[in-house]
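In: what's the 3D shape of this:
(2 chains)
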Amino acid sequence: MMQPFTRHTAITAPLIKDDINTDQVAPLLHSRSLKEDYQAMLFHRARRRDDGSEDPDFVLNKPQFRGAGILVTGQNFGAGSSRESAVWSMLANGIRVIVAKSFADIYRENCLQNGLLPVVLGSEIADEFIARVIAADGKAPFTVDLVALKISGPGGPDIPFEIPAADRTRLLEGLDDIGLTLKHVDEIASWERRVQTAQPWLQAVQDSR
Amino acid sequence: MQSDLTKTVIHRTLMQRTLFEKIWEVHRVAQRADGRDLIYIDRHVLHELHAHHAFAQLQKQGRPVRRADLTFAVQDHTVATKPGRDDDTNPSGSAFIKAMRDGCRDNNIRLFDIDDPEQGISHVVAPELGIVLPGATHAVPDSHASTVGGVGALAFGCGTSELAHILATQVIALKRPQRMRVRLDGRLGAHVSAKDVALRIIAEIGVAGARGYAVEYAGTAVRAMPIEQRMTLCNLNIEMGGRSGFVAPDDATFQWLAGRPFMPQGAEWDGALRHWRTLASDDEASFDREVALDCTALEPQITWGTDPSQVVGISGRVPDPAELDPGRRAAAVSAFGYMGLIPGTPLIGLPVDRVFIGSCTNSRLPDLQVAADLVRGRHVARGVVAMVVPGSSSVKREAEAAGLDRVFRDAGFFWGESGCSMCAGGNGDRGQPGERCVSTTNRNFENRQGPKVRTHLASPATAAATAIAGRIADARQLMSGTA
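Out: From the prediction side, this is the model:
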């Protein structure tokens, strides 16, 4: 079950690029098992140079950002594949908030399913926040508060943000998504009965051979 | 005060609905406390990369699968393509393959296993067996789920948690997307296909241009497309950020579906057909976003960069960043480095190391026929590794019955067993670092087809012509002898 989210105080790392895709976040690695190492998976390729050694220039490899728990990035974060490992690998590294100018749809849904808070800031406000994150350079943490709906930290005033009320409640309470839906199990059953009559081909499928 | 006429007009306009809204409303079971609509999923198809996580989650929670009879599973992402393959031919896939097999047995789900005569890529198998239907909803834990929009189904790619949710409840909890229509008119030229059209649309509206929308593809060019081409078009919908994309069904759709094994039969087919004929957007229905493209003068398209919007016509050149929209310059410069390209270089003539024909985008029988027609009597250029991987075992059999495997083999292509293969390399089929690859797949992301592999997305015709030339080539020139 997902961990509730109220507020998170952590070093914030700037990953300033648009359209970062899930192949970059969580590459399909050649040697895989059912119990994958999600911690090692995160930005696996971007973290390394050609010879396999760590790339000291990649932001999460820099000493001041190694323990980062918040990421700030550009437009359309999480484009591409629906793989949920792109969220699990964030959580495995203690990253519980991503602040972006926008998110890809499926990625945002996967975040909500796992208690990772996706914060969307308007482009200008995001740029101001990015400037503060870069200036802070990992020396002081930021706090993202889902109760008060604000980001606070060094270099300026609190930054308010918005999130749909229902998504907020779900994260705050760590609600069981399947449980929420199963409250409607009678409606699901009556839908099935109704469609069984109206469009029977939808409710039954069989190999006619 | 409004006149009666005005009232009538307003009323009629309000009643006008898009096909998306009609399908959504029929499938809307309830609204959840958090405002999300619960949308019933008529057909659910799993694959091995995600299935085991979901089965394990449900087992832990003690929740049964609600409708195993509406659920199917296909081994596709990790299966080897080598002839004579088994579970262990790709060692990194075997645990996934076995875990899905066990989960399907325990939950009584029909599995198309690695050795099943109908195994293949889920998005190819589901329509060819008639598992998906016009006006039905469909979910797959894969972002290319909307491929089946080509037969008029409303499909949702989903994550692993959503997969478990659908298994337990048979519904998906969604916020209603907005409505978008992509209108494609004109006539496609020779050797120009749905792949080229889709790449051009993505180039025009960008990789997030359809984010938040359900997309209906319409227009005379779409109507003229065979069903397999419509599937290619809908397949690439996610590459512009759209989760669902579809084409309203028509007589061509019904003919294509008739008689497929999992389709309704007899009187039930007749009833279904009567309903399916009503599946269209109303004439005055309004869309939140409209995009139009005249396809008449469109030439084959190819990507030069590392996202699917970095596209140019085949006779074009790698763009000068100064010509690009300022927001796209930084990404372009980064792509030049990865792709080893200099602005101003013509695409035609770039030497390639590898050609891949396959994937849920372009692996159906007509895709292979187009490629075979170009390859017949010719040979793959020296030094080029060229592969054809049929989208399903059924496609493979049909291609072999038509002699296409011989055409490809004689020309020096590898002819594989079906699966996702080199699209994401999850089965070990990958290029070598630094190789340039023309591929009929859907993503040219960095490292996707292998570390440092430089992918150019293109149609089967362009891929086939390129394999023969050993350089990026225009199929139209190959056929007219001017290559």
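In: pLDDT below threshold where in chain A?
Out: Scanning chain A with the threshold set as pLDDT under 70 gives A:1, A:30-32.
In: now do the same contact list for the closest residue to chain B within it.
Out: Closest residue of chain A to chain B, Cβ to the nearest Cβ: residue A:166 (3.3 Å). Placement of C-beta: from N, CA and C, glycine included. By Cβ atoms under 8 Å, 6 or more residues apart in numbering or on different chains, the contact list for residue A:166 reads B:33-36.
In: how many residues are close by residue 199?
Out: Just going to use chain A. 19 (other Cβ atoms under 10 Å in any protein chain shown).
In: switch to chain B, that's the one I care about
Out: 27.
In: give the helix, strand or coil label for it.
Out: helix (DSSP: H, G, I helix; E, B strand; the rest coil).
In: OK, contacts around it?
Out: Residues near residue B:199 by Cβ under 8 Å, 6+ apart: B:236, B:301-303, B:308, B:311, B:457-458.
In: what about it, distance to chain A?
Out: 16 Å (Cβ to the nearest Cβ, to the nearest Å).
In: please apply the same query to residue B:344.
Out: When distance is defined by Cβ to the nearest Cβ, residue B:344 is 24 Å away from chain A.
In: cool, and residue B:394?
Out: From residue B:394 over to chain A the distance is 13 Å, taken as Cβ to the nearest Cβ.
In: state the next helix or strand along the chain beyond the helix or strand harbouring that residue.
Out: According to DSSP states H and E, residue B:394 maps onto helix B:393-401. Once the chain leaves helix B:393-401, the next helix or strand it forms, by DSSP H and E, is helix B:404-410.
In: pLDDT score for the residue nearest to residue B:341 when sequence neighbours are not counted?
Out: Leaving aside its sequence neighbours, residue B:341 sits nearest to residue B:318 (Cβ to Cβ, 6 or more residues apart in numbering or on different chains; 4.8 Å). The model reports residue B:318 with a pLDDT of 97.
In: residue B:318 contacts residue B:335, correct?
Out: No. With contact defined as Cβ atoms under 8 Å, residue B:318 does not reach residue B:335; the gap is 9.3 Å.
In: mutual contacts of those two, please.
Out: B:304, B:341.
In: coming back round to it: which of the helices or strands spans the residue of chain A closest to chain B?
Out: Residue A:166 belongs to helix A:165-173 when assigned by DSSP H and E.
In: pull the distance from that helix to the chain's centre.
Out: Its chain's average C-alpha position is 15 Å from that of helix A:165-173, according to Cα atoms, centre = their mean, to the nearest Å.
In: ditto for stretch B:367-384
Out: Worked out by Cα atoms, centre = their mean, stretch B:367-384 lies 23 Å from the chain centre.
In: so for that stretch, mean pLDDT?
Out: 98.
In: and that stretch, end to end?
Out: 20 Å (Cα to Cα, to the nearest Å).
In: picking up where we left off before, of the contacts of residue B:199, which pair is most distant in space?
Out: Comparing all pairs in the contacts of residue B:199 by Cβ to Cβ, the longest separation belongs to B:236 and B:302, at 13.9 Å.
In: who touches the host helix or strand of residue B:273?
Out: Applying DSSP H and E as the criterion places residue B:273 in helix B:266-276. Identification of contacts with helix B:266-276 by Cβ under 8 Å, 6+ apart yields A:199-201, B:133-135, B:152, B:249, B:253-254, B:258, B:263-264.
In: closest to residue A:51 among the residues you listed?
Out: Set against residue A:51, the nearest of the contacts of helix B:266-276 by Cβ to Cβ is residue B:152 (51.3 Å).
In: measure the closest one to chain A for me?
Out: 13 Å.
In: correct me, but that residue touches residue B:248?
Out: Yes. Taking Cβ under 8 Å as the definition, residue B:152 is a contact partner of residue B:248 at 5.9 Å.
In: hey, what's in contact with both of those two?
Out: B:19, B:279.
In: more neighbours, those two?
Out: The neighbour comparison of residue B:152 against residue B:248 (other Cβ under 10 Å) goes to residue B:152, with 27 against 21.
In: what residues of stretch B:355-367 count as buried?
Out: B:355-367 (16 or more other Cβ atoms under 10 Å in any protein chain shown).
In: sorry, wrong one. I was asking about stretch B:226-237.
Out: By 16+ other Cβ under 10 Å, the buried positions in stretch B:226-237 come out as B:227-237.
In: so which of the residues you listed comes closest to residue A:136?
Out: Once Cβ to Cβ is applied, the member of these that ends up nearest residue A:136 is residue B:237, at 39.7 Å.
In: ok, for the closest residue to chain A within the stretch 51-200 of chain B, nearest residue in space, not its chain neighbours?
Out: Using Cβ to the nearest Cβ, the single residue of the stretch 51-200 of chain B nearest to chain A is residue B:161, 3.7 Å away. Distances taken as Cβ to Cβ, 6+ apart place residue A:113 nearest to residue B:161, at 3.7 Å, with adjacent residues excluded.
In: kindly confirm my reading that the one you found is in a helix.
Out: Yes. Assessed with three-state DSSP, residue A:113 lies in a helix.
In: follow-up on the earlier one: other SSEs contacting the helix holding residue B:394?
Out: In terms of contacts (3 or more Cβ pairs under 8 Å, 6 or more residues apart in numbering or on different chains; DSSP states H and E), helix B:393-401 is packed against helix B:122-128, helix B:365-375.
In: in the longest strand along chain B, what counts as buried?
Out: Using DSSP state E to define each element, chain B has its longest strand at strand B:178-185. Within strand B:178-185, the residues that qualify as buried are B:179-185, counting by 16+ other Cβ under 10 Å.
In: need the max-distance pair from these.
Out: B:179 and B:185, at 19.4 Å, using Cβ to Cβ across these.
In: show me which residues of the stretch 151-300 of chain B are close to chain A?
Out: Residues of the stretch 151-300 of chain B lying near chain A by Cβ under 8 Å from any Cβ of the partner chain: B:157-162, B:164-165, B:168-171, B:173, B:175, B:207-208, B:211-212, B:238, B:241, B:243, B:261-265, B:268-269, B:271-272, B:275.
In: and if you look at the stretch 1-150 of chain B?
Out: Residues of the stretch 1-150 of chain B found near chain A (Cβ under 8 Å from any Cβ) are B:26, B:29-30, B:32-36, B:38, B:40, B:42-43, B:49-50, B:52-53, B:61, B:63, B:66, B:69-70, B:92-93, B:95-96, B:99, B:131, B:133, B:136, B:141-143.
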